[in-house]
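Novice: from the sequence below, what's the structure:
(2 chains)
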Amino acid sequence: MDTRQLTDTLVAGVDPIARPVVTGYLRDLGADLPGSRRTREAILTEIADGLIEQITNTSGPDPAAAADTAVHTFGNPRDLAARFARELTGKTAHRTGFALVGSGPLIGTLWLLALTNGQPNAITVALPERIARMLTELPLIPVLLLIIVPAALLAVAGAGRASRILPVTTGTAGLAGLVAGTGCVIADVTLIGHAVMTALAWSPLLIAAVTISTARLSLAAAAARRCAQLRAAG
Amino acid sequence: MRAETLKGHLDGLLLSMLEPGPIHGYAVIELLRARSNGAFDLPTGTVYPALHRLERGGLVRGSWSDGPGRRRRVYELTAAGRAALTEQRVSWWQFAGAVSTVMGGGGGPAWTPAS
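Specialist: Sure, this is the predicted structure:
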C-alpha cells in the first residue's frame, strides 16, 4: 500500500470537511519520513490515530477548524519526520551493530577453517598459528577488524540497555553503523577476492564461507546505506 | 508551560503517565495535561518521538491494539522503565527540595525517600 492509499484508509472515519487537512498533513509527513515502507506505515498509523483523537476531542462546530488546530499542535511535518528519523537511526544502528557483532566470529571462524584447512599439515597446526598465517596472507583484515569491532559495539549502543549507559547520540550510533557496515563489505570483498584470486581448491568449507560472506556483504551494504540515509534525514 | 522548560524532565513525566497501565500516545498527552491542571500542554509532535525514544532505550514497550475501531499503538512500562521512574523520582525530589531550600519561601516538598 502506498502513502496515498494508506492515508485515505487512515482518515476514512474523519469528517469529510476535516479530511483534506488531515490527509494533507499525513502525506507531507509520509513524504519526509525515512525508513522502510513498514516503518513509515506504522508511524503514519500512529500519528493519524493521534490526529483523529485530537479532532474528536476538540469542541466547536467547525470540523475544518478542529483539524487545523490538531495539525498545528503536531507541528511542522518535516520537523516531526526529522525527530522520528533520529529514533530510527538509533534503532537501525543498534540492529546493524548487533548483527555484525553476532555474525562476525562465526564467519571469521568459517573463513579461518576454509583458508587454512587446505594448507600442508593443516591438522597438526595449532589454532593461533593458523590465525597468524591467515592474517599474514590478508594484512588488510586485522586493520579492518580494528575499525569494525569498535564501530559495531558503538552502533549497538544506539538503542537498548547500552543506550542508557553510554552517552552515545543517535547520530554517532548511525555513523558507527555506517562505518561498521562499510568495513564488513570491504572485509567480505577482500576475503572472497582472495579465494578467487589465489585459485584455492573449492572445498565445501570454502563454498560455505563465500556464500555466507556474499549474503552478509549484501546485508551489510544495505544496513550501511540505511544508517547513512537515516542519519542524513535526522 | 513551554516544552523547553520541561527539557530534562519529559522522560520522567512520560514514564509516570504510563505507571498505572498501558495507554496510547494521545492519552499520554491528555493525562499529562489533566494531571498538571493544564500547565503541561505539550506540543503533540514532541511526545510521540519521545515515546519512541523511551522505547528505543527499552524503558517502554509499544504494541498494537486492534480494537473495534482503528489500530492504536499502546505503550507500557518495562521493568527497566519502572526502575528508571523510581530513580528519576528520587532525583527530582532531591533537586526540588534543594531548590526550595535555597530559594526560600518555606514551601519545600516534605518528602523522604522510602528506602
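Novice: setting aside sequence neighbours, what's the nearest residue to residue 31?
Specialist: With no chain named, the answer covers chain A. Sequence neighbours aside, residue A:3 is the residue nearest to residue A:31 in space, at 7.1 Å (criterion: CB to CB, 6 or more residues apart in numbering or on different chains). C-beta: built from backbone N, CA, C; applies to glycine.
Novice: other chain: chain B
Specialist: residue B:17 (4.9 Å).
Novice: the residue nearest to residue A:31 contacts residue A:29, correct?
Specialist: No: counting by CB atoms under 8 Å, residue A:3 stays clear of residue A:29, with 9.0 Å between them.
Novice: up against chain A, what does chain B have?
Specialist: B:24-27, B:29-30, B:43-46, B:48-49, B:52-53, B:56-59, B:69-73, B:80, B:84 (CB under 8 Å from any CB of the partner chain).
Novice: of these, buried ones?
Specialist: For the residues of chain B next to chain A, a burial check counting by 16 or more other CB atoms under 10 Å in any protein chain shown picks out B:24-27, B:29-30, B:44-46, B:48-49, B:52-53, B:56-59, B:70, B:72-73, B:80, B:84.
Novice: so which of these are in helices?
Specialist: B:25-27, B:29-30, B:44-46, B:48-49, B:52-53, B:56, B:80, B:84 (DSSP state H).
Novice: need the contact list for the residue nearest to residue B:31.
Specialist: B:23, B:28, B:31, B:32, B:35 (CB atoms under 8 Å, 6 or more residues apart in numbering or on different chains).
Novice: packing partners for the helix or strand that contains residue A:209?
Specialist: Secondary structure assignment for residue A:209, by DSSP states H and E: helix A:204-233. Judged by 3 or more CB pairs under 8 Å, 6 or more residues apart in numbering or on different chains; DSSP states H and E, helix A:204-233 is in contact with helix A:77-116, helix A:170-197.
Novice: what distance do you get for the residue nearest to residue B:31 to chain A?
Specialist: Counting by CB to the nearest CB, to the nearest Å, the gap from residue B:17 to chain A is 15 Å.
Novice: and stretch B:64-81, what's its mean pLDDT?
Specialist: Summarised as a single mean, pLDDT over stretch B:64-81 is 88.
Novice: contact partners of it?
Specialist: Contacts for stretch B:64-81 (CB under 8 Å, 6+ apart): A:10, A:13, A:42, A:45-46, A:48-49, A:52, A:161, A:164, B:15, B:18-19, B:21-25, B:28, B:51, B:54-55, B:57-63, B:85.
Novice: again, but for stretch A:15-22
Specialist: Against stretch A:15-22 from outside (CB under 8 Å, 6+ apart): A:11, A:14, A:48, A:51-52, A:55, A:62-64, A:66-68, A:70-71.
Novice: show me which positions of it end up buried.
Specialist: Buried residues in stretch A:15-22 (16+ other CB under 10 Å): A:15, A:18, A:19, A:21, A:22.
Novice: what's the span of that stretch, first residue to last?
Specialist: 10 Å (CA to CA, to the nearest Å).
Novice: distance from that stretch to the middle of the chain?
Specialist: Its chain's C-alpha centre lies 35 Å from the corresponding centre of stretch A:15-22 when counted by CA atoms, centre = their mean, to the nearest Å.
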